[in-house]
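Q: predicted model and sequence follow; I will ask about them next.
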Amino acid sequence: MEKSCSLLVHFDKGTPALANEIKEALEGNDVPAKIDAMKNAIMLLLNGETLPQLFITIVRYVLPSEDHTVQKLLLLYLEIIDKTDGKGRVLPEMILICQNLRNNLQHPNEYIRGVTLRFLCRLNEVEIIEPLIPSIISNLEHRHPYVRRNAILAVMAIYKLPQGEQLLVDAPETIERFLSTEQDQSAKRNAFLMLFNCAQDRAVNYLLTNVDRVSDWGELLQMVVLELIRKVCRTNKAEKGKYIKIIISLLNAPSAAVVYECAGTLVSLSSAPTAIRAAANTYCQLLLSQSDNNVKLIVLDRLNELKSSHRDIMVDMIMDVLRALSSPNLDIRRKTLDIVLELITPRSVNEVVQTLKKEVMKTQSGELEKNGEYRQMLIQAIHSCAIKFPEVASTVVHLLMDFLGDNNVASAMDVAVFVREIIETNPKLRVSIITRLLDTFYQIRAARVCSCALWILGEYSLSLSEVEGAIATIKQCLGDLPFFSISEDVETADSSKKPQQATSITVSSRRPAILADGTYATQSAASETTISPNIMVQGSLATENLRSLLLTGDFFLGAIVACTLAKLILRLEEVQPSKVEVNKASSNALLIMVSMLQLGQSSVLPHPIDNDSYDRIALCIRLLCNTGDAERKIWLKSCRESFVKMLSDKQLRETEEIKAKAQISHSQPDDLIDFYHLKSRKGMSQLELEDEVQDDLKRATGEFVKDADDANKLNRIIQLTGFSDPVYAEAYVTVHHYDIVLDVTVINRTKETLQNLCLELATMGDLKLVERPQNYTLAPESSKQIKANIKVSSTETGVIFGNIVYETSNVLERTVVVLNDIHIDIMDYISPAVCSDTAFRTMWAEFEWENKVAVNTIITNEKEFLDHIIKSTNMKCLTASSALEGECGFLAANLYAKSVFGEDALVNVSVEKQGDGKLNGYIRIRSKTQGIALSLGDKITLKQKGGS
């Protein structure tokens, strides 16, 4: 088995030096050559060579050298050579080394003394260390702090050895005396660390006698003090009060690292409001004072944790957290907004929205390249504020409507969706929103935003002036009719025979479009056609935005224009007393619709109108020519009703999620409760009393109850060997983010002692073993707990396999027991998450890995099958339950989850019921990395069958 190595040396992989060359160089007098030779010798040793012939050469020619580099390399060489024989006895030639080490410890140069003391920290052979002890102790009083601090580390390392307490009987007393007189901060820190590790009571005693001076100690020592406090308070909860005072005094330390550690320690030890408030304040100060983005992100993570456990205290810190928006980094801004949105209360909402408005105004300056994306985040934040607190909508809606013409289509679309929701939920703002929309409509440049704005105009223009204004605006934005002249049509027909004169340049659409249910639609490239100047002449006016979009071949928008005009004319019939005016408007609208159909069937555009848009426009024409009461009801009422239902559904889902989050487990019926009113308050400070009260409250509400219940633990035990094997082994697997811990119980079933028993493991997939296996001796019929740590680097299914190897006294060769494989399940890494439909579609289009699994199941109900898939994959269904209701023999749903490594997993389930009652269809999985797509696909294939 390989030895553990305590040093890493960089070297270029060239041809390795030969032992003879090294020997010659070491025997010469050239110091640089000697240094190179020593380095080469160390490389060879690290690579597994033994080089026994070099030892005597090094003793003769390298030991006497006065050069510091040579001496340092000599110590590295001594660190990695074998100092014992096969039976564990120290080699006799090591006596030569011993004398040299003693000389080094008494050397006039402090560097030589220091590096030798450092070397002794890594020496385990008691026979070599014993004669050096007086010299080590004498170095504790050396004039130079470098020597003193390394002498303390050497004392600590020796004291920790199995026979250390016999070698250095009174080490703790010596170090305690040293600590009271020492002035150097680094030496003091090492001395305190030694007491902390080897004599905790003395460390506590020293800390409590010097409580008033803790704030003046150096940063290094303060960090060790905090570590000590954490350790003491875990084992002895009753003592917490006096230590919390020390932590609070350290919150004003000049070092950011100490302050951060203090805040973390406070939160982990106490739930007293004063303590939590102090920690939150500290984090907010760090957020503003630190310039490093990584530090800010870590601090925001801590604030996020506080938000979930102590929301009532964090609510007051909302404006301090919001200041982090001053950072230009988008990740920091996103995290900040996420935290702030969950802390908003009616009291703080106005202030928060004012700040967000200022930030939106700043993004107009256009200095930063990510301004569009940041603006989109701010708009979404303001949107959610206005939905939660409708009273603030009036202050922001008009400002945001200026951004309907934004170049960033995503943020303009967010504004449109926001306005659509506000106009429904805030009837008081309807008139002003419609007026403003009519004023700014011509600025909108994106087809999707136009569609949304047209729907708003069609649904919410109610009075005569609004309806007439809306019709006039649409006419103005469409420009003069017709959309093309006959001569152009003839010219285009001619030029189509000569392709080199083609007037339009088609931009190929790289990807198919994704519809709301996650299915594909082949995107007609016409929607992405750029029109050459000679056709654009007619739509060149700044106000004619609808005309420009129609002339690019966007007939879906044309159909929406037709529907909006139809609704407006129907509404006009209700509010306009003059029949003549109604007929006039109606004939104008019909003219526009017919012109659009003509444009769609002409050869001016490279692609004709699609059938859906043609049918829709034709339907509007028929409607205006012949309107019945039933149709009028559908057009004027039903659309709005379905939108209202969609909004209430969304609200219902959100409230249900909040309720689900609020349900926390309560304590057991027979748990002990302390009544703090009956407690003695003698000598307790306000903070200690608060802390006691909070602990009792936690006990009463069950927050101290452990999450992992024992029944669940039994489910995770994996049997590794058979019951008839000489060695029985079983493992309990714990997956915690980036770590997998295997707790293996090994039982000797034989009547013999098993020697050099070793658990050898190997992994497949992105798993890495952290430590080398150790050898154990197992008495007859006894058991041993062996822990193995494994690091995980990505979300995919991994396999751990291995064997147990041991020797018995009467058999010469080693016996091997092969273990059962342990499969690490991808379900341990992914958890259900939520994202918006737009974010889902964006990711779906961007992610390159897709795994397509055909549906193969005995389940015959589509909804039941979807529930089964959700349960098997541990994902969240993003499709609203109302959209999945009813029986139509077809179902499409989107599922989403996030891994502990921050990766996204997207799944689209599309199933259809066949004539014979069986389900068929596909489950498509998309992710950024191959691992998730493949592992989830395997999981679904395995589980989708259903049944027992």
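A: On my side now, so go ahead.

Q: chain center to stretch 849-866: distance?
A: Between the centre of stretch 849-866 and the centre of its host chain there is 29 Å, according to Cα atoms, centre = their mean, to the nearest Å.

Q: three-state assignment of L266?
A: helix (DSSP: H, G, I helix; E, B strand; the rest coil).

Q: I'd assumed A278 was in contact with it.
A: Yes. Using Cβ atoms under 8 Å, L266 is in contact with A278, at 6.4 Å. In short, each C-beta sits where N, CA and C put it, glycine included.

Q: and those two? Which one has more around it.
A: L266 (25 against 20; other Cβ atoms under 10 Å).

Q: which ones are touching that one?
A: When contacts are counted by Cβ atoms under 8 Å, 6 or more residues apart in numbering, L266 touches I244, I247, I248, L251, A275, I276, A278, A279.

Q: between those residues, which is nearest I81?
A: The shortest approach to I81 among the contacts of L266 belongs to I247, at 46.6 Å (Cβ to Cβ).

Q: hang on, the closest one packs against L226?
A: Yes. Using Cβ under 8 Å, I247 makes contact with L226 at a distance of 7.1 Å.

Q: hey, what's in contact with both of the two?
A: Contacts common to I247 and L226, judged by Cβ under 8 Å, 6+ apart, are C262, T265.

Q: so which residues of the stretch 1-150 of the chain form helices?
A: 19-27, 31-46, 54-61, 68-80, 94-105, 110-120, 126-129, 133-138, 145-160 (DSSP state H, counting those that start in this stretch).

Q: try the stretch 401-550 of the chain
A: Here the stretch 401-550 of the chain has its helices, by DSSP H, counting those that start in this stretch, at 409-425, 430-440, 447-460, 464-478, 486-497, 533-536, 545-550.

Q: format those helices as a markdown table; extra columns: mean pLDDT.
A: Shown next, in a markdown table, are these (pLDDT from 0 to 100):
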| stretch | mean pLDDT |
| --- | --- |
| helix 409-425 | 85 |
| helix 430-440 | 89 |
| helix 447-460 | 91 |
| helix 464-478 | 90 |
| helix 486-497 | 58 |
| helix 533-536 | 38 |
| helix 545-550 | 87 |
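
Q: most tightly packed of those?
A: helix 545-550 (a mean of 24; mean count of other Cβ atoms under 10 Å).

Q: next secondary structure after that helix?
A: The C-terminal neighbour of helix 545-550 among helices and strands, as given by DSSP states H and E, is helix 555-575.

Q: contacts for the next helix or strand after that following helix?
A: Going down the chain from helix 555-575, the next helix or strand is helix 579-601, by DSSP H and E. Residues outside helix 579-601 that contact it (Cβ under 8 Å, 6+ apart): 468, 471, 475, 478, 481-484, 550-551, 555, 558, 561-562, 565-566, 568-569, 572-573, 576, 605, 608-609, 613-614, 617-618, 620-621, 624-625.

Q: now do helix 579-601 against helix 555-575, angle only.
A: 170 degrees (axes from the mean of the first three to the mean of the last three Cα atoms, to 10 degrees).

Q: contacts for the helix or strand following helix 579-601?
A: Next along the chain after helix 579-601, taking DSSP H and E as the criterion, comes helix 611-625. If you take Cβ under 8 Å, 6+ apart as the criterion, helix 611-625 is touched by 555-556, 558-559, 562-563, 565-566, 569-570, 586, 589-590, 593-594, 596-597, 600, 631, 635.

Q: got it, and stretch 141-155?
A: 110-111, 113-115, 117-118, 120-121, 136-137, 139-140, 168, 171, 174-175, 178, 182, 184, 186-187, 190-191, 194.

Q: buried residues, it. List them.
A: H142, P145, Y146, V147, R148, R149, N150, A151, I152, L153, A154, V155 (16 or more other Cβ atoms under 10 Å).

Q: which of these sits closest to S648?
A: Closest to S648, out of all of the buried residues of stretch 141-155 and judged by Cβ to Cβ, is L153, at 67.9 Å.

Q: okay, the closest one: pLDDT?
A: According to the prediction, L153 has pLDDT 93.

Q: for G114, see how far away it is.
A: 10 Å (Cβ to Cβ, to the nearest Å).

Q: I'd like the helices of the stretch 1-150 of the chain as CSV, with distance to Q914 appended.
A: Shown next, in CSV, are those (distance: least, Cβ to Cβ, whole Å):
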stretch, distance to Q914
helix 19-27, 77
helix 31-46, 66
helix 54-61, 79
helix 68-80, 70
helix 94-105, 82
helix 110-120, 76
helix 126-129, 79
helix 133-138, 84
helix 145-160, 72
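
Q: nearest to P780, out of those helices?
A: helix 126-129 (30.9 Å).

Q: who does that closest one touch, helix- and strand-wise?
A: helix 94-105 (3 or more Cβ pairs under 8 Å, 6 or more residues apart in numbering; DSSP states H and E).

Q: would you mark the buried spots in the helix it packs on?
A: By 16+ other Cβ under 10 Å, the buried positions in helix 94-105 come out as M94, I97, C98, N100, L101, N104, L105.

Q: hey, where'd the helices end up in the stretch 651-800 of the chain?
A: With DSSP H, counting those that start in this stretch as the criterion, the stretch 651-800 of the chain has helices spanning 686-701, 710-715.

Q: closest one of the buried residues of stretch 141-155 to T808?
A: Of all the buried residues of stretch 141-155, A154 has the smallest distance to T808: 40.8 Å, by Cβ to Cβ.

Q: ok so, going back, show the buried residues in the contacts of helix 611-625.
A: Here, 16+ other Cβ under 10 Å leaves 555-556, 558-559, 562-563, 565-566, 569-570, 586, 589-590, 593, 596-597, 600, 635 buried among these.

Q: burial of P606, as a residue count?
A: With other Cβ under 10 Å as criterion, P606 counts 17.

Q: go ahead and confirm it touches T552.
A: No. Taking contacts as Cβ under 8 Å, P606 lies outside contact range of T552: 10.4 Å.

Q: can you list the domains in this structure?
A: 16-236+250-269, 716-824, 828-944 (the TED database).

Q: how much space separates the closest residue to D67 other than its chain neighbours from K23?
A: The shortest distance from D67 to any non-neighbouring residue, by Cβ to Cβ, 6 or more residues apart in numbering, is to V31 (5.2 Å). Between V31 and K23 the computed distance is 17 Å (Cβ to Cβ).

Q: pass me the low-pLDDT residue ranges in the stretch 551-700 of the chain, would you?
A: 661-700 (pLDDT under 70).

Q: quick check: phi and psi at the residue nearest the centre of the chain.
A: Geometric centre of the chain, nearest residue: G902, 3.9 Å, by Cα atoms, centre = their mean. In terms of degrees, to the nearest 10, the main-chain angles of G902 are phi 80, psi 10.

Q: per-residue confidence for it?
A: pLDDT, read off for G902, is 77.

Q: give the contact list for it.
A: Contacts of G902 by Cβ under 8 Å, 6+ apart: none found.

Q: next one: it from K852, what distance?
A: From G902 to K852 the distance is 25 Å (Cβ to Cβ).

Q: and the helix or strand harbouring G241, which residues are buried?
A: Using DSSP H and E, G241 maps to helix 240-250. Neighbour counts over helix 240-250 (16+ other Cβ under 10 Å) mark K240, G241, Y243, I244, I246, I247, I248, L250 as buried.

Q: again, but for stretch 885-905
A: Buried residues in stretch 885-905 (16+ other Cβ under 10 Å): 891-899, 901, 903-905.

Q: kindly report the same for stretch 717-728.
A: I718, L720, T721, D725, P726, V727, Y728.

Q: quick check: mean pLDDT of it?
A: 90.

Q: show residues contacting it.
A: 729-733, 744, 746-750, 754, 757, 778, 804, 806, 815, 817, 819-820, 822.

Q: may I see the PyMOL selection of the buried members of those?
A: The buried residues among those can be selected in PyMOL (16+ other Cβ under 10 Å) with this line:
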select buried, resi 729+731+733+744+746+747+748+754+757+778+804+806+817+819+822
